[in-house]
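[1] Sequence first, predicted coordinates after that:
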Amino acid sequence: MNKFYTRAKEFSNKHIAPYANQIDEEGIFPRDIMDLVGEHGFFKLIIPTEFGGEGAGIDAQAYVSQAFGEGSATVGLCYTMHNVALKFILTFGNEELKQFIIKEVVENNKMLSLARSEFGTGVHVFKSESSVETFEDHSIINGTKSMITSANYADYYLISVPNDKENRPVNWLVPYDTEGLSFKESDWNGMGMRGNISCPMVMKDMKIDNKFAVYIDRMKAKQKYPVNIDVIYFMTGLAGVYSGMTQTILEAAIEHATGRSYPDKTLANIETVQIHLANIYSSMLGAKASLDNAVEALANEEDDGLIKIMTARIIASENSMEAARLAMRIGGGRAYNKQGPIEMLLRDSFASQVMFPSVDVLKTWVGRGITDQPMI
Ligand SMILES: Cc1cc2nc3c(=O)[nH]c(=O)nc-3n(C[C@H](O)[C@H](O)[C@H](O)COP(=O)(O)OP(=O)(O)OC[C@H]3O[C@@H](n4cnc5c(N)ncnc54)[C@H](O)[C@@H]3O)c2cc1C
């Protein structure tokens, strides 16, 4: 068992899982839990040891997200997004910005999020329609990001914008209290992942210091794969969260099947239910095994690491939805009437397929990748 998983699972059992239903029912951001996540050192896991972190790699992103996702997919996703944005800054940020954000995370437990999606371009997040006007020491940014995990609660937001005048790819790290930044929290009404508060982030004549610009130099940052490291961390985190959720679906289905008894037998004694359970188990094991396989390939920088992590994310997404569908069938009228967690898990599972770059788009990337065509 991976050491990060073991540690995170212990935390998840104690501090996350008992509150999953409450987060869903109330649709509130799990502020207290995320504060505890920071206090227990999980926010700084991927920061190099010489700067006060633990120098953890891609396995920490996979397995902490997985263990948290087993407790609550909402919490797992909020955590994943923190690491994605942080890894981006650690990889592409200049020394000043890197030291700034490291201090904020290590000393002040600050939390980051990723803000890429826009209403106009949807899942095609590389095509931002925001505008940036740059002056000597600051810039003015206008635009709206459509659905942002931890919106209005994270302390920093990594946003994408169009290339600058010299055609250099650039992102910005936006502090929460930036002048001209606001959130439309009441626009969030997700069918699942209710505590994520993935609402719009509005930048209206947003004035931001130029020190928060992050120029992407892929050569300098030694990027091995055709996508940047943040995209790889994102897919790894999602594969973690949703493979973890499939584990939770399995446990809920088993609990129901063994606990629901007729006068002469339980549901689990019925062959058809046994087959459904076996299928859910296969979904869980397939999702976890493909993530393990991809993480190993990425950690060793193998050529097929990217194809494997994209595939692991596809498998995790599709298996969680299929497992939840079967669990609902086992759960019968009780699950349909929202008794127990299965119905919540079904709703949560549906988010995975539409998140950037979406399962359908990812499949086209994989299909091209395995036929030696340019992927993106
Ligand atoms: C719970 C949740 C949390 C989120 N958190 C974040 C976040 O933290 N940060 C962030 O930036 N974004 C976030 N998003 C937004 C997400 O990443 C997507 O950008 C968003 O869901 C796109 O919605 P849309 O209606 O614009 O989709 P559209 O772009 O309209 O797509 C609709 C459907 O068409 C399909 N489609 C579109 N183009 C193609 C194609 N070329 N080939 C095949 N199929 C295609 C898509 O796969 C999708 O199924 C979140 C979304 C959810 C649901």
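    That came in fine, so what should we check first? Numbering: from 1, shown residues only.

[2] Please list the residues of the stretch 151-300 of the chain that sit near the ligand.
    Gly190, Met193, Asn196, Ser198 (C-beta under 6 Å from any ligand atom). In this view, the C-beta of every residue, glycine as well, is placed from N, C-alpha and C.

[3] swap the cut-off to 8 Å and go again
    Within the stretch 151-300 of the chain, the positions adjacent to the ligand are Ala151, Gly190, Gly192, Met193, Asn196, Ser198 by C-beta under 8 Å from any ligand atom.

[4] number of nearby residues for Val202?
    Applying other C-beta atoms under 10 Å, we find 15 residues neighbouring Val202.

[5] one step back: a markdown table for the residues of the stretch 151-300 of the chain next to the ligand, including secondary structure?
    Converted to a markdown table, those look like this (DSSP: H, G, I helix; E, B strand; the rest coil):
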| residue | secondary structure |
| --- | --- |
| Ala151 | coil |
| Gly190 | coil |
| Gly192 | coil |
| Met193 | coil |
| Asn196 | helix |
| Ser198 | coil |
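
[6] now, the most widely separated pair of the residues you listed?
    By the measure C-beta to C-beta, Ala151 and Gly192 form the most distant pair in those, at 16.3 Å.

[7] Counting neighbours around each, name which of these two comes out higher.
    Neighbours were counted for Ala151 and for Gly192 using other C-beta under 10 Å; Ala151 has more, 23 against 19.

[8] wouldn't that one be in contact with Gly195 here?
    No - Ala151 lies out of contact with Gly195 (C-beta atoms under 8 Å); the separation is 11.7 Å.

[9] Show me what from the stretch 1-150 of the chain comes close to the ligand.
    Within the stretch 1-150 of the chain, the residues that sit near the ligand (C-beta under 8 Å from any ligand atom) are 77, 81, 113-117, 119, 121-125, 145-150.

[10] Restricted to strands, list those residues.
    If you go by DSSP state E, these have Ser113, Leu114, Ala115, Lys145, Ser146, Met147, Ile148 in strands.

[11] any idea which of these has the most stuff around it?
    Busiest of these [other C-beta under 10 Å] is Ala115, holding 31 neighbours.

[12] How confident was the prediction at it?
    On the pLDDT scale, Ala115 is placed at 98.

[13] repeat for Ile330
    Looking at Ile330, its pLDDT stands at 98.

[14] Which residue is the nearest non-sequential neighbour of it?
    Closest residue to Ile330 apart from its sequence neighbours, by C-beta to C-beta, 6 or more residues apart in numbering: Ala253 at 5.1 Å.

[15] Quick check: next helix or strand after the helix or strand harbouring that neighbour?
    Ala253 is located in helix 229-259, with elements delineated by DSSP states H and E. For helix 229-259, the following helix or strand on the C-terminal side (DSSP H and E) is helix 271-299.

[16] Determine how far that following helix lies from the middle of the whole chain.
    Its chain's C-alpha centre and that of helix 271-299 lie 19 Å apart, by C-alpha atoms, centre = their mean, to the nearest Å.

[17] how many neighbours does the residue in the chain that the ligand sits nearest to have?
    Nearest residue of the chain to the ligand: Gly122, at 2.0 Å (C-beta to the nearest ligand atom). Gly122: 16 surrounding residues under other C-beta under 10 Å.

[18] Could you measure from the nearest residue to it once chain neighbours are set aside over to Trp365?
    Spatially, and ignoring its direct neighbours in sequence, Gly122 is nearest to Ser146 (7.9 Å; C-beta to C-beta, 6+ apart). Remark: distance between Ser146 and Trp365 (C-beta to C-beta, to the nearest Å) = 22 Å.

[19] same check, this time on Ala62
    When C-beta to C-beta is applied, the distance between Ala62 and Trp365 equals 19 Å.

[20] burial count for the residue nearest to Ile330?
    Other residues near Ala253 come to 30 when the count uses other C-beta under 10 Å.

[21] so how far is Gly76 from it?
    Applying C-beta to C-beta to Ala253 and Gly76 gives a distance of 20 Å.

[22] Check the offset of stretch 253-268 from the chain's centre.
    34 Å.

[23] surely the residue nearest to Ile330 meets Ile280?
    Yes - counting by C-beta under 8 Å, Ala253 touches Ile280, with 5.5 Å between them.

[24] tell me, what's touching the two both at once?
    Ala323, Leu326, Ala327 (C-beta atoms under 8 Å, 6 or more residues apart in numbering).

[25] Please name the residues that touch the last one.
    Spelled out, that is Ala327. Ala327 makes contact with Ile249, Leu250, Ala252, Ala253, His256, Ile280, Ala335, Ile342, Leu345, Leu346, according to C-beta under 8 Å, 6+ apart.

[26] what's the nearest residue to it if we skip its chain neighbours?
    Nearest non-adjacent residue to Ala327, counting by C-beta to C-beta, 6+ apart: Ala253, 4.1 Å away.

[27] One more: Pro357?
    Val123 (5.5 Å).

[28] Alright, that wraps it up for me.
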